[in-house]
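Enquirer: could you look at this predicted model? Sequence included:
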Amino acid sequence: MGISRDGWHKRRKTGGKRTPLRKKRKFELGRPAANTKIGPKRIHVVRCRGGSKKYRGLRLDSGNFSWGSEAVTRKCRILDVVYNASNNELVRTKTLVKNCVVQIDSMPFKQWYETHYGLPLGHKKRGAKEAESSPEEDPTTKKHSNHLQRKLDSRKSESKIDSHLEEQFNTGRLYACISSRPGQSGRCDGYILEGKELEFYLRKLRSKKGK
């Protein structure tokens with residue numbers, strides 16, 4: 001028996017059986033779930049009804065993630081699946097689906113922030129000797145032209161970021177939510193969690209750890 005998306009094989013609300021009026025049709029078919037995992041990119045093309053195509057992402061390891069408050073998007077590596085509202089089994093097996101919460105590499109966004117604002121982000125406090133030995137790593141000590149320096153100074157008033165987000169930059173991992181459908185589009189894109197939404201998911205993760 002194939003996977004079917006019809007409704008006529010179901011019982012009535014009262015519990016009575018329905019008489020099937022026809023056999024299965026092509027427009028009622030369903031296919032097995034993609035169960036996209038984290039790994040080297042592997043996508044299968046599926047030919048659908050009408051000649052359209054779906055891109056079945058079987059394994060994906062990166063995607064385009066957006067930092068909404070800064071209006072910037074970067075390609076980031078996906079490191080781990082940490083939360084899924086629908087099923088904990090999908091977290092255990094590290095399955096990528098729409099709306100699951102993942103951890104991504106913070107480096108692309110950190111590099112953008114430091115060049116855009118000329119301020120350090122996610123640096124652990126170093127000793128004076130370490131700072132002297134590697135001055136070029138610190139964007140605040142880097143020499144700029146007068147024009148660029150004025151531009152960076154004008155941006156500094158907008159450089160404040162959420163304290164929860166700053167903590168994540170220190171660890172090198174950001175919480176993000178997947179907004180694309182990896183099993184349909186073959187892409188794993190999403191956005192960084194911020195503000196009330198981030199607080200909500202942090203509470204959920206803490207309660208999950210406490211159990």
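Expert: Arrived safely, thanks for sending. Numbers count the residues shown, from 1 in each chain.

Enquirer: can you give me the helices in the protein?
Expert: Taking DSSP state H to define them, one finds helices in the chain at 89-92, 107-117, 128-133, 146-155, 163-171, 182-185, 195-210.

Enquirer: closest to residue 24 out of those?
Expert: helix 182-185 (22.3 Å; CB to CB). Heads up, the C-betas are built off the backbone N, CA and C, glycines and all.

Enquirer: identify the bridge partners of residue 53.
Expert: Beta-bridge pairing for residue 53 (DSSP bridges): residue 47.

Enquirer: verify the stated contact: residue 114 with residue 108.
Expert: No. If you go by CB atoms under 8 Å, residue 114 and residue 108 don't touch, sitting 11.2 Å apart.

Enquirer: what's the weakest-modelled helix or strand in the protein?
Expert: Taking mean pLDDT, DSSP states H and E as the measure, the chain has helix 128-133 as its least confident helix or strand, at a mean of 52.

Enquirer: what about the chain, any weak spots by pLDDT?
Expert: For the chain, residues meeting the criterion pLDDT under 70 lie at 1, 123-141, 211.

Enquirer: for it, which strand is longest?
Expert: Determined from DSSP state E, the single longest strand within the chain is strand 72-83.

Enquirer: give me the sheet partners of that one and which way each runs.
Expert: Using DSSP bridges, the strands paired with strand 72-83 are strand 62-67 (antiparallel), strand 101-105 (antiparallel).

Enquirer: what angle separates it from helix 107-117?
Expert: Relative orientation of strand 72-83 versus helix 107-117 (axes from the mean of the first three to the mean of the last three CA atoms, to 10 degrees): 140 degrees.

Enquirer: mind listing residues that contact strand 72-83?
Expert: By CB atoms under 8 Å, 6 or more residues apart in numbering, the residues outside strand 72-83 that reach it are 38, 60-67, 90-91, 94-96, 100-109, 112, 173-176, 188, 201, 204-205, 208.

Enquirer: I am finished for the moment; much appreciated.
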